[in-house]
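In: what would the 3D arrangement of this be:
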Amino acid sequence: MFAPSTPEAPAKPVGLRLIIAYKVVKSALVLGVAVLLTLAPETAGAFTEHLIHALTERGALLHRIGEWLRSHGAATLVTDARTVAWVDGVSTAIEGALLISGSAWGEWVVVGSLALLIPAELVSLEHRFSVAKVVVIVVNVAIVAYLVHLRLRARRGVPRASP
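Out: Purely as a prediction, here's the structure:
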């Protein structure tokens with residue numbers, strides 16, 4: 001008559017759910033870009049050529065950027081972007097899956113992968129400052145700190161707060 005009751009898994013904290021949502025959305029978007037760059041490299045190459053032309057027609061600084069892009073070749077840029085998109089998309093999807101699984105080691109894998117990127121992001125920021133880079137660094141540091149906080153609380157036996 002009644003189905004046997006199964007113990008419900010404790011709800012994930014809001015912060016962890018937000019990180020999971022971010023990972024899932026980011027991986028879907030980046031993998032979408034990777035697929036487009038893989039299936040339509042000519043279109044991406046034509047867009048890159050159009051962008052280079054548009055840049056070289058606008059002001060001295062943008063002209064220099066356009067010439068730099070032209071000297072590095074549109075095909076090379078598309079190939080590099082495709083490779084980066086596949087690696088980033090797949091690794092982000094794996095991180096999201098590990099967080100969804102709820103395993104402690106999965107959270108540590110995400111902490112490690114993000115923590116390894118922070119020094120490179122700081123060096124990149126030193127070479128060329130941008131607000132977007134600062135936002136990425138702040139978000140990654142916050143995620144690392146939050147996940148470490150969750151893991152250390154769990155290790156001490158402190159239950160996670162309910163949503």
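In: so what's residue 77 up against?
Out: Contacts for residue 77 (Cβ atoms under 8 Å, 6 or more residues apart in numbering) come out as 48, 69. Quick note: C-beta positions are derived from backbone N, CA and C, even for glycine.
In: repeat for residue 62
Out: 55-56.
In: any idea how far residue 130 is from it?
Out: 16 Å (Cβ to Cβ, to the nearest Å).
In: again, but for residue 123
Out: Using Cβ to Cβ, residue 123 is found at 14 Å from residue 130.
In: so what's the residue count around residue 104?
Out: By other Cβ atoms under 10 Å, 11 other residues sit near residue 104.
In: verify the contact between it and residue 150 for me.
Out: No: assessed by Cβ atoms under 8 Å, residue 104 is found out of contact with residue 150, at 9.1 Å.
In: let's verify residue 110: helix, strand, or coil?
Out: helix (DSSP: H, G, I helix; E, B strand; the rest coil).
In: apart from its neighbours in sequence, what residue is nearest it?
Out: Closest residue to residue 110 apart from its sequence neighbours, by Cβ to Cβ, 6 or more residues apart in numbering: residue 95 at 4.8 Å.
In: so what pLDDT did the one you found get?
Out: The score at residue 95 is 94. That number is its pLDDT.
In: so it makes contact with residue 24?
Out: No: using Cβ under 8 Å, residue 95 is not in contact with residue 24; the gap is 9.8 Å.
In: the more surrounded of these two?
Out: Neighbours were counted for residue 95 and for residue 24 using other Cβ under 10 Å; residue 95 has more, 25 against 17.
In: who's in contact with that one?
Out: Per Cβ under 8 Å, 6+ apart, neighbours of residue 95: 23, 109-110, 113.
In: buried stuff in the strand or helix carrying residue 80?
Out: Using DSSP states H and E, residue 80 maps to helix 74-101. Of the residues in helix 74-101, 74, 77-78, 81-82, 85-86, 88-89, 92-96, 98-99 count as buried by neighbour count, 16 or more other Cβ atoms under 10 Å.
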